[in-house]
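Undergrad: Build me a model:
(chains A and B)
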Amino acid sequence: MSQPKAIELATKQREISVSDFFAKNRHLLGFDNKRKALLTTVKEAVDNALDACEEAEFLPEVSIELVEMSEDRFKIIIEDNGPGIVKAQIPKIFAKLLYGSKFFKLSQSRGQQGIGISASVMYGQLTTGKPAKITSRIDKTHPAHYYELHIDTNKNKPEILKDTTVEWEKDHGTKVEIDLEGTYLKGPQSVDEYLKQTAIVNPHVTLIYTNPKAEQLIFPRVSETTPARPREIKPHPYGIELGVLIRMLKFTQARTVQSFLTQEFSRIGPGTAKEMCQKAALLPDAKPQKVSREMAEKLMRGMQTTKVIAPPTDCISPIGSELLERGLKKEVNAEFYSACSRPPSVYRGNPFAIEAAIAYGGELPAEGHARLLRFANRVPLLYQQGACAITDSVQKTNWRQYHLQQSSNSIPQGPVVLIVHMASVWVPFTSESKEALAHYPEIKKEIRLAIQECGRNLARYLSKKRRVGAELKKRSFIEKYIPHVGIALKELLKLNEAEQVKVEKVLEELLEKHRGKLDKLDFDPSANPEYDEEFANIGKEDDTEESDS
Amino acid sequence: MTLKKAIVDKAQQMYDTILKRKQPQLSTPLRSLSNVQYDPKVGYFELNNKFKERTLTASTVKTFAQTLRMMSLSKTLIDTDDIATKREAYYVSKNWGEARFVEQSESDTIMDDIEAMFMVNREQMGFIPEEKSGEVAGKLVVVDKDVETGKDLRIDCTKFGSGAYSVPNSVEQLKFETNADFILAVETAGMYQRLVKHKYWKNANCILISMGGVPTRACRRFIRRLSDKHNLPVYAFTDGDCYGFLNIYRTLKVGSGNAAHINKYFCVPNAKFIGVTPQDILDYRLPTHPLKDVDVKRIQDGLKNDPFVLHYKEWQDALKLQLKLRKRAEQQALAQWGLNYVISNYLPEKLADKKKWLP
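TA: Take a look at the predicted model:
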């Protein structure tokens, strides 16, 4: 008699480590192909560097170096002037998946999950077998620590190959070296484009970029002030999920449910807390740890049916319409710019703010679709444009009312660049690779309002331009046809030269008199001092660069 | 006052206005059906007093320049005793740089405006049309002048065989000798050919004129002078459709809205319409074509807006009958009763019965 099938099957069932899972599902993290892997790694390292600098309120200066080791094999070196990392944390931060500081707090930051950089380390390890090399120093009084790290993919924990101190010219900062398999290409989804767009929306950042051809490009900061530091906030009762609530109940320091509610959440005072407990048929002085799953579910319903004011929104640090417009001016030499920064709003208890900017005409190509640049918490989104709530909102906006051409439900046509930025304590991405915003109605509404404001400004400009154009045409009529009135009168009345000249002159004055002064709307390519042609060309496909020279 | 003087005066007036630093104006009668009235005692469409005022501004400076240059061209033609066809005038403008016309329709419009402004016809300004004017056969001798010798030329319209005498663009100098009983103006060249071929004019003792669609000004003037001089009745014979009624016949008899300023000379108020009438479609059981939407619209528009139709109950009834029938018939439809049925039966019967005519 054979043993039950289940026993046989049980021998094959075992725990899957998170690292194993991600090793097999690398596309979820943005490592679908070699080109994207290179970009994702640069992106994760730069995002972390900027987050760290801003948290410590240092003006960020980040250098990025791509070295081509052999075909499809790169070494990526990212170095920042941030606060550094204390020795004990270095291995976990770089060689343990789902380890980080940002997941548990609600604060506007680039990274939020604690996957990014360790996933890059793991990808490098999988494709080259080489360890990640980390150097970090927290200040002058401490030495610079140097680690060589692997990830133990079974146990999801760091494997330390080397641990030493080194001489380093920097007082503080972190340097990351990762070897990986990748492909370096230019174009709209390239490292170059990513860094350039990062510079557009991070005017306080200096980036020093050395590409695989060993050409150094410097994006100097244009603003000397760090953005207002985003404040960390407690979750809002409307955005909470049951599992999170149960976990919070379990680990809270609060002694009663009432104090748990007032301490761990935004916008709950004792009165509101009591009302929530009442709705959940729970005693306000019950011990949080004693709340059962069923009770927690009732409590959550109580929390969500009680009227609570919206979460504070001063925790959001938008770029600001002025800086956004300046960034855009740097990238495109257009004849018209407009930017709009919406007041903060809330989706599922999470505060967020939408900003948009538009550039029109000038040197932008007149044919084809408008170019859309998407950003979330100051990070450029280069992939999955089609899946993004921003794209959807742009497509569903009626651009024809703003005098642009548009086939129904698509990106408008014409010489237009559109920037949309979402800042939030928690950006809802459609996947872990953080490429597209999820479609929350509240978010889409704010995006729509922001781009509509830009659209209205554009429409005003375009109608003015049209009016001026018509006026100029009429004025050119005066110049064109008055001589013919002169000729005809001369022929009919046998005028002499002087009389003809005189009648033409009088007539010209007569007609000009009736037309007022005219705004100058001709495009002047040198009128935009922010524009940086070299900057604008970064990331463009090689062939267009060649045709320029 | 001669036309030349009128042109020069107008230019002088504009010149003076400009030097006084005022914007000169051009005023032309509004040339459309909405600005004409019909009084059978007068016999033709008369202009009402609606005017189109044009002030010289940046938007109108092009038209002003072109109008003045066209006036200058006209003066030159008068000075040199020359003529230019409408097409030639258009080509002359090609030498005017920016003021040139792109299409001939533009120069024609300016020409019509000047005509109306001075209340003259374009032939007086030295401009002549391109189009063919009309053909004549029958009991008529036209007395023209030899261009070289200035001697009288007698042209016998019975002696063109299967051909015809063609009406010149300018007919004022012609004299006529005839003992015919009436003039028959025919719309289509096909029907005209049949009548000429069988010498219809001989038995009917008449003058046949082929209008070839809407009669030109010269053709209308020719018929008018001939009819006036010899007291001849004029009968129109067209297709039984709105084009035949409202374009060809109406224009022949009372003129058009567009040329209202000169209708006085270019109309034949005593013309009568003998066929093909909508009633003929029933009486002669003619083969027909259905009315198209545009035909229906044209008839409805005529019933509503054409001062001529509005004046004659008979025409209103005829047009309403056609709307009811939703059918139209061509002249050639009579051939269904035999090729020469039109000569042997239709025309004699119609001419004999005044009650079947339309005014």
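
Undergrad: Buried ones in stretch A:297-312, by neighbour count?
TA: A:K298, A:L299, A:M300, A:G302, A:M303, A:T306, A:V308, A:P311, A:P312 (16 or more other CB atoms under 10 Å in any protein chain shown). Backbone N, C-alpha and C define where each C-beta goes, glycine included.

Undergrad: which stretches of the stretch 101-250 of chain B form strands?
TA: B:127-128, B:135-138, B:141-145, B:152-156, B:165-166, B:175-177, B:182-186, B:206-210, B:234-237 (DSSP state E, counting those that start in this stretch).

Undergrad: who does the first one touch, helix- and strand-wise?
TA: Put plainly, it is strand B:127-128. In this structure, strand B:127-128 makes packing contacts with strand B:84-85, helix B:86-92, judged by 3 or more CB pairs under 8 Å, 6 or more residues apart in numbering or on different chains; DSSP states H and E.

Undergrad: how about the ones you listed, which one is nearest chain A?
TA: helix B:86-92 (12.6 Å; CB to the nearest CB).

Undergrad: quick one: is the closest one near chain A?
TA: No. Applying CB under 8 Å from any CB of the partner chain, one finds helix B:86-92 separated from chain A by no less than 12.6 Å.

Undergrad: Output that helix as PDB, restricted to C-alpha atoms.
TA: Presented in PDB, the C-alpha positions along helix B:86-92 are these (Å, rounded to 0.1, in the frame of the first residue of the first chain):
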ATOM      1  CA  LYS B  86     -13.100  89.800 -69.000                       C
ATOM      2  CA  ARG B  87     -10.400  87.100 -69.300                       C
ATOM      3  CA  GLU B  88      -7.900  89.600 -70.700                       C
ATOM      4  CA  ALA B  89      -8.600  92.100 -67.900                       C
ATOM      5  CA  TYR B  90      -7.900  89.300 -65.500                       C
ATOM      6  CA  TYR B  91      -4.600  88.600 -67.200                       C
ATOM      7  CA  VAL B  92      -3.700  92.300 -67.200                       C
END
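
Undergrad: mean confidence for it?
TA: Regarding helix B:86-92, the rounded mean pLDDT is 89.

Undergrad: before we move on, what about stretch A:437-450?
TA: pLDDT averaged over stretch A:437-450 gives 93.

Undergrad: Show me what counts as buried in that stretch.
TA: Here stretch A:437-450 shows A:L437, A:I443, A:K444, A:E446, A:I447, A:R448, A:L449, A:A450 as buried, counting by 16+ other CB under 10 Å.

Undergrad: In a markdown table: those, plus distance to B:H230.
TA: As requested, these are exported to a markdown table (distance: CB to CB, whole Å):
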| residue | distance to B:H230 |
| --- | --- |
| A:L437 | 93 |
| A:I443 | 92 |
| A:K444 | 87 |
| A:E446 | 90 |
| A:I447 | 87 |
| A:R448 | 83 |
| A:L449 | 85 |
| A:A450 | 86 |
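
Undergrad: ok, the residue in the stretch 201-350 of chain B positioned nearest to chain A - contacts?
TA: Nearest residue of the stretch 201-350 of chain B to chain A (CB to the nearest CB) works out as B:H261 at 21.7 Å. Going by CB atoms under 8 Å, 6 or more residues apart in numbering or on different chains, B:H261 touches B:P29, B:R31, B:L47, B:E115, B:A116, B:M119.

Undergrad: Would you map the strands across the stretch 401-549 of chain A?
TA: Using DSSP E, counting those that start in this stretch, strands in the stretch 401-549 of chain A cover A:416-424.

Undergrad: I'd like to know which residues of it are adjacent to chain B.
TA: Residues of the stretch 401-549 of chain A lying near chain B (CB under 8 Å from any CB): A:474-475, A:477-478, A:480-482, A:484-485, A:487-489, A:491-493, A:495, A:502-503, A:506-507, A:509-511, A:514-515.

Undergrad: Got a PyMOL select line for the buried ones in those?
TA: Of these, the buried ones go into a single PyMOL selection, burial set by 16+ other CB under 10 Å:
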select buried, chain A and resi 477+478+480+481+482+484+485+487+488+489+491+492+493+495+503+506+507+510+511
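
Undergrad: and the residues of the stretch 401-549 of chain A next to chain B, which of them are in helices?
TA: A:474-475, A:477-478, A:480-482, A:484-485, A:487-489, A:491-493, A:502-503, A:506-507, A:509-511 (DSSP state H).

Undergrad: Spit out the contact partners of A:Y209.
TA: Counted by CB under 8 Å, 6+ apart, A:Y209 has contacts A:S63, A:I64, A:E65, A:D192, A:L195, A:Q216, A:L217, A:I218, A:F219.

Undergrad: Restricted to buried residues, select those in PyMOL.
TA: Selecting only the buried entries of these in PyMOL, with 16+ other CB under 10 Å as the criterion:
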select buried, chain A and resi 63+64+65+192+195+217+219
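
Undergrad: Closest to A:Y99 out of the contacts of A:Y209?
TA: Taking CB to CB as the measure, A:Y99 lies nearest A:I64 of the contacts of A:Y209, at 23.6 Å.

Undergrad: Surely the closest one touches A:T198?
TA: No. Using CB atoms under 8 Å, A:I64 is not in contact with A:T198, being 9.9 Å away.

Undergrad: which residues do those two both contact?
TA: A:V46, A:L207.

Undergrad: Ramachandran coordinates for the residue of the stretch 201-350 of chain B closest to chain A?
TA: phi -70, psi -10 (degrees, to the nearest 10).

Undergrad: Same list (the strands of the stretch 101-250 of chain B) but as CSV, adding mean pLDDT and distance to B:E314.
TA: CSV is the format used below for those (pLDDT from 0 to 100; distance: least, CB to CB, whole Å):
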stretch, mean pLDDT, distance to B:E314
strand B:127-128, 82, 37
strand B:135-138, 91, 28
strand B:141-145, 90, 34
strand B:152-156, 90, 37
strand B:165-166, 90, 33
strand B:175-177, 91, 31
strand B:182-186, 93, 19
strand B:206-210, 92, 24
strand B:234-237, 94, 14
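
Undergrad: export the ones you listed to JSON lines and tack on mean neighbour count and distance to A:T135?
TA: Shown next, in JSON lines, are the strands of the stretch 101-250 of chain B (neighbours: other CB atoms under 10 Å in any protein chain shown; distance: least, CB to CB, whole Å):
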{"stretch": "strand B:127-128", "mean neighbour count": "22", "distance to A:T135": "94"}
{"stretch": "strand B:135-138", "mean neighbour count": "25", "distance to A:T135": "107"}
{"stretch": "strand B:141-145", "mean neighbour count": "16", "distance to A:T135": "114"}
{"stretch": "strand B:152-156", "mean neighbour count": "11", "distance to A:T135": "116"}
{"stretch": "strand B:165-166", "mean neighbour count": "18", "distance to A:T135": "106"}
{"stretch": "strand B:175-177", "mean neighbour count": "15", "distance to A:T135": "118"}
{"stretch": "strand B:182-186", "mean neighbour count": "24", "distance to A:T135": "107"}
{"stretch": "strand B:206-210", "mean neighbour count": "27", "distance to A:T135": "106"}
{"stretch": "strand B:234-237", "mean neighbour count": "24", "distance to A:T135": "107"}
